[in-house]
Structure formats: C-alpha cells, structure tokens
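please work out how this folds:
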Amino acid sequence: MIQPRRILTLVMMEMTRQIMDPLVLVFTMFLAPALILIFGLVMSNNYGWDETETYSIFEIMLPGLLAYSGLLTIYDVAAGVAGERESGIQKRINTTPLTTAEYFLSQMISYTIKPIIQLVIGLGIAVAVGYRPLIFFGSAYSLGSKFAGILLVIVFMVIFTFCSVGLGLITANFAKTAGAAGGLAFIFIVPQQIFGSFIPPGFMGMEGLGWALPSWYATRGFGLIFAGTPFTDTEIWLRLGILLAISFAIYIIGILLYERKKRR
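Next up is the predicted model:
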C-alpha cells in the first residue's frame with residue numbers, strides 16, 4: 001500500500017536538493033522566462049511570417065516557450081536521479097520499504113512544482129511586454145471561462161511535466177553519472193525543442209514530426225486555449241488525451257527500466 005508519509009519525505013528531500021543546486025535553480029527555473037522576456041521585447045511587433053498581421057512572431061512562439069519550461073524537467077530529473085545513484089543514495093533508498101510506485105509519485109510531485117511556477121512567471125512576463133491572450137482579456141469571456149482556461153493550462157502543464165519526468169527517469173537508467181545523464185537528456189529535449197515547442201514544425205515544413213513529440217501537444221493545447229477556442233472543441237481534449245496516453249506509456253517503460261536497474 002502506498003504510504004503518503006514516505007512520498008512526502010522524498011518530495012521534501014528532492015525539493016531541498018533542487019533549491020540548493022544553483023545550476024538547477026537558475027538554469028532551469030529562469031531560462032524559459034528569460035527567453036520570453038527577450039522574445040517579447042524584440043518580436044512582439046514583428047509579423048514576419050504572417051502577411052495578415054493577425055499574430056506577431058512572439059504570440060505564435062509563446063505557447064511553445066511555456067512548454068519549453070516543462071521540457072527542461074527532463075534534464076532536472078535525469079541529472080538528479082543519476083546523481084543519487086552516483087552518491088549511493090539510491091542504494092540506501094532500495095534498502096527501505098519504499099516501493100517503486102512511491103518513488104515515481106514522489107518524483108512526479110517534486111518536479112511538477114517548478115514548471116507551474118515557471119508557467120506563472122512566464123505568463124506574467126508575457127503580459128507585461130504586451131501579450132493579451134483572448135481567453136483572459138477578451139470581453140466575451142466570463143469570469144468562469146477565464147478561471148477554466150487557467151485551470152486547463154495548468155492541467156496541460158502538469159501532464160506534460162509528468163511526461164518529462166518519465167523521460168528523465170528513462171534517461172537516468174542509461175547514465176552512470178549526473179553529468180552524463182544531463183548530456184543524454186538533450187536527446188529528448190532538442191528534438192522536442194526544435195520541432196514541437198517554440199519553433200512550430202509547420203514553419204519548417206515538418207508538420208508530421210509534431211505528432212510524435214509530447215511537447216507539440218502541450219504547445220498546441222496552450223495555443224488553442226489562449227486563442228479562446230471553445231472548451232467544447234474536441235481538438236483541445238484530443239490533444240490532452242493523447243498527451244496523457246503518451247505520459248502513461250512512458251511511465252510504464254520508466255518503471256520497467258527502474259525495476260531492472262534496482263535488481264542489479
């Protein structure tokens with residue numbers, strides 16, 4: 001049976017490690033918000049690829065920039081778990097009554113908090129530099145619709161972060177050191193960054209690649225919500241459902257690999 005106390009203890013330990021690690025705290029916490037600030041200042045009035053001038057380059061890229069903050073979780077998890085194995089913490093954990101399910105749940109919780117903070121900071125910066133998502137600023141939307149939009153954005157971010165945590169755990173299984181795990185993590189990060197986040201694959205003539213990348217579903221979901229797409233639109237829920245299915249499949253793989261590593 002899952003014991004919440006054991007999960008909470010691991011969550012507190014992992015959150016403490018993240019706060020005390022300057023690279024993790026600064027690089028992964030503030031990189032995406034910093035990119036949003038830079039692109040917002042430089043490209044908020046640039047309509048380079050939209051002849052109708054309906055959306056600026058910054059407005060088109062913003063959903064992907066927000067997804068990018070969740071994408072960096074892969075690096076956090078891979079380096080963190082491999083570092084625990086390298087320092088012997090994993091061996092000590094394996095001698096406790098802690099189950100694999102409890103360990104995975106603790107990782108999911110501890111690494112989901114930071115992307116939500118990044119989401120709030122990133123949206124705040126975007127609004128400060130002039131971004132006005134229709135769902136939040138459109139006069140046609142009620143207070144309930146605005147709240148539902150915020151909640152749905154958070155749900156997309158949480159599920160996408162779960163997916164990134166799973167990819168990070170998979171990466172950590174193939175690395176012996178934290179440094180090696182951080183490097184290997186970019187095998188998952190870079191393709192999703194280029195073809196599924198703030199560089200939409202449609203602008204590179206590679207639309208088909210997006211369907212294989214979790215970040216594309218999160219980015220598309222954010223974009224649909226910000227544009228004020230009705231919540232009855234099946235596309236929003238289709239993106240969310242596929243993202244959830246991918247996350248579940250990745251966790252199954254991660255659990256199997258973790259159990260195999262644990263027995264060695």
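
contacts and neighbour counts: CA atoms only from here.
OK.

so, low pLDDT: which residues of the stretch 51-200 of the chain?
51-53, 199-200 (pLDDT under 70).

and the helices in it, which stretches?
Under the criterion DSSP state H, counting those that start in this stretch, helices of the stretch 51-200 of the chain are mapped to 57-71, 73-87, 89-94, 100-110, 113-128, 134-137, 143-172, 178-196.

any chance of the ones you listed in TSV, plus mean neighbour count?
Formatted as TSV, the helices of the stretch 51-200 of the chain follow (neighbours: other Cα atoms under 10 Å):
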stretch	mean neighbour count
helix 57-71	26
helix 73-87	24
helix 89-94	13
helix 100-110	19
helix 113-128	18
helix 134-137	18
helix 143-172	22
helix 178-196	20
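
minimum distance to R220: which of these has it?
helix 57-71 (7.4 Å; Cα to Cα).

tell me the angle that closest one makes with helix 143-172.
Relative orientation of helix 57-71 versus helix 143-172 (axes from the mean of the first three to the mean of the last three Cα atoms, to 10 degrees): 50 degrees.

for helix 57-71, the distance to its chain's centre please.
How far helix 57-71 lies from its chain's middle: 11 Å, per Cα atoms, centre = their mean, to the nearest Å.

please save the CA atoms from that helix in PDB.
Extracted in PDB, the C-alpha atoms of helix 57-71 (Å, rounded to 0.1, in the frame of the first residue of the first chain):
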ATOM      1  CA  ILE A  57       6.100  36.100 -34.100                       C
ATOM      2  CA  PHE A  58       6.100  36.400 -30.300                       C
ATOM      3  CA  GLU A  59       2.500  35.500 -29.900                       C
ATOM      4  CA  ILE A  60       2.900  32.400 -32.100                       C
ATOM      5  CA  MET A  61       6.100  31.300 -30.200                       C
ATOM      6  CA  LEU A  62       4.800  31.900 -26.700                       C
ATOM      7  CA  PRO A  63       2.900  28.700 -26.200                       C
ATOM      8  CA  GLY A  64       6.000  26.700 -27.100                       C
ATOM      9  CA  LEU A  65       8.200  28.800 -24.800                       C
ATOM     10  CA  LEU A  66       5.900  28.000 -21.900                       C
ATOM     11  CA  ALA A  67       6.100  24.300 -22.900                       C
ATOM     12  CA  TYR A  68       9.800  24.600 -23.000                       C
ATOM     13  CA  SER A  69       9.900  25.200 -19.300                       C
ATOM     14  CA  GLY A  70       8.300  21.800 -18.700                       C
ATOM     15  CA  LEU A  71      10.700  20.300 -21.300                       C
END
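
so which of the helices of the stretch 51-200 of the chain gets nearest L244?
helix 143-172 (6.3 Å).

by contact count, what packs against that closest one?
With contacts taken as 3 or more Cα pairs under 8 Å, 6 or more residues apart in numbering; DSSP states H and E, helix 143-172 sits against helix 57-71, helix 73-87, helix 100-110, helix 113-128, helix 134-137, helix 178-196, helix 214-226, helix 234-263.

tell me how far the one residue sitting closest to the centre of the chain lies from P63.
With distances taken as Cα atoms, centre = their mean, G70 lies nearest the centre of the chain, 1.8 Å away. From G70 over to P63 the distance is 12 Å, taken as Cα to Cα, to the nearest Å.

which one, of the helices of the stretch 51-200 of the chain, ends up nearest to W216?
Of all the helices of the stretch 51-200 of the chain, it is helix 178-196 that lies closest to W216, at 4.1 Å by Cα to Cα.

elements contacting that closest one?
Helix 178-196 is packed against helix 57-71, helix 73-87, helix 143-172, helix 207-210, helix 214-226, with contacts defined by 3+ Cα pairs under 8 Å, 6+ apart.

can you do 6 Å?
Using 3 or more Cα pairs under 6 Å, 6 or more residues apart in numbering; DSSP states H and E, the elements in contact with helix 178-196 are helix 73-87, helix 214-226.

could I get the helices of the stretch 51-200 of the chain in JSON lines, plus columns for distance to N45?
Formatted as JSON lines, those follow (distance: least, Cα to Cα, whole Å):
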{"stretch": "helix 57-71", "distance to N45": "8"}
{"stretch": "helix 73-87", "distance to N45": "31"}
{"stretch": "helix 89-94", "distance to N45": "50"}
{"stretch": "helix 100-110", "distance to N45": "38"}
{"stretch": "helix 113-128", "distance to N45": "13"}
{"stretch": "helix 134-137", "distance to N45": "17"}
{"stretch": "helix 143-172", "distance to N45": "25"}
{"stretch": "helix 178-196", "distance to N45": "23"}
